[in-house]
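>>> fold the following and give me the result.
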Amino acid sequence: MNVAIFAYSRRGCRTARAAAGAFAHGQVRLYTMERFSEPDFLPLGKPSEPFYGTLFSWADALVFVGSCGIAVRQIAPHVKDKQTDPAVIVTDELGKFVIPLLSGHIGGANELSVQLAAHLGAMPVVTTATDINRKFSVDSWLPETGLPSAISRRQRRCLPPYWNTMSPFSAIFPL
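Numbers count the residues shown, from 1 in each chain. Purely as a prediction, here's the structure:
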C-alpha cells in the first residue's frame, strides 16, 4: 500500500510521524512545508496542483494532518470517481479525530480511518449511512470478492427493495 501523509505544522509533523506507524506494511511518504523540515519528511511541492495530482495517482491513501478544508482544496482538481480515487483521510494535528473524507468504501478510507484512529488513540468519525446504520454495503463487500465494483445508480435501482435492510452478516445469497 502506498501512503502519502501531509503535515502543515510542527505539531502536525509529530502526528504524521505517529500516523506513519499505522501503515508499517506499506510504502509511506511524509511531506511538510519547508519551514517545518525535519528528517524523513520531503518538502511539499510547488505548484501544488501538479504535486498533489501526482500523489493522488500514486497513492492508495492520502492522509492530511490538518483541517478538512486543506484536504478538500488540494484534492478537488483530481477527484474523478469512487472506483479510481484513493482513500483520503484527515486527522487533526493533535491526532484526536480521524475522518474518512473520500473513497470510504471502495477506496477503504472508512476501514483505514478506524485502524489509524486505533493506532493514534483517536476517535474515528465515519459518516457513511451504511456504516452508522450498520447496513450492508455493496461498495464495501464487492472489493473483497474480486468482482467488479462499478455498480451504477440504475443497476442499484434494480436490486430487491430489501437489499438495504439486510444486516451486515446476512445476504440473499451465500457469502
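>>> relative to Gln115, how far out is Ala24?
11 Å (Cβ to Cβ, to the nearest Å). For the C-beta atoms, the positions are set from N, CA and C on the backbone; glycine is no exception.
>>> shaky segments in the chain?
Scanning the chain for pLDDT under 70 picks out 129-133, 136, 138-175.
>>> which residues in it form strands?
Counting by DSSP state E, one finds strands in the chain at the ranges 2-7, 27-32, 41-43, 61-65, 87-91, 97-102, 123-124.
>>> export those to a markdown table and append columns for mean neighbour count.
Shown next, in a markdown table, are the strands of the chain (neighbours: other Cβ atoms under 10 Å):
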| stretch | mean neighbour count |
| --- | --- |
| strand 2-7 | 24 |
| strand 27-32 | 19 |
| strand 41-43 | 15 |
| strand 61-65 | 28 |
| strand 87-91 | 27 |
| strand 97-102 | 22 |
| strand 123-124 | 16 |
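>>> for Phe51, which of those strands is the nearest?
Nearest to Phe51 among the strands of the chain is strand 27-32; the distance by Cβ to Cβ comes to 8.8 Å.
>>> can I see the domain layout of the chain?
2-127, 130-175 (automatic domain parsing).
>>> mean neighbour count, the ones you listed: which tops it?
domain 2-127 (a mean of 18; mean count of other Cβ atoms under 10 Å).
>>> that one: end-to-end distance?
24 Å (Cα to Cα, to the nearest Å).
>>> repeat that for stretch 3-17.
End-to-end distance (Cα to Cα), stretch 3-17: 12 Å.
>>> quick one: the helices in the chain?
10-20, 48-58, 68-75, 109-120, 129-132, 138-145, 153-157 (DSSP state H).
>>> nearest to Pro86, of those?
Nearest to Pro86 among those is helix 48-58 (6.4 Å), distances taken as Cβ to Cβ.
>>> what angle sits between that closest one and strand 27-32?
160 degrees (axes from the mean of the first three to the mean of the last three Cα atoms, to 10 degrees).
>>> packing partners of helix 48-58?
Helix 48-58 is packed against strand 2-7, helix 68-75, with contacts defined by 3 or more Cβ pairs under 8 Å, 6 or more residues apart in numbering; DSSP states H and E.
>>> appreciated, that's everything.
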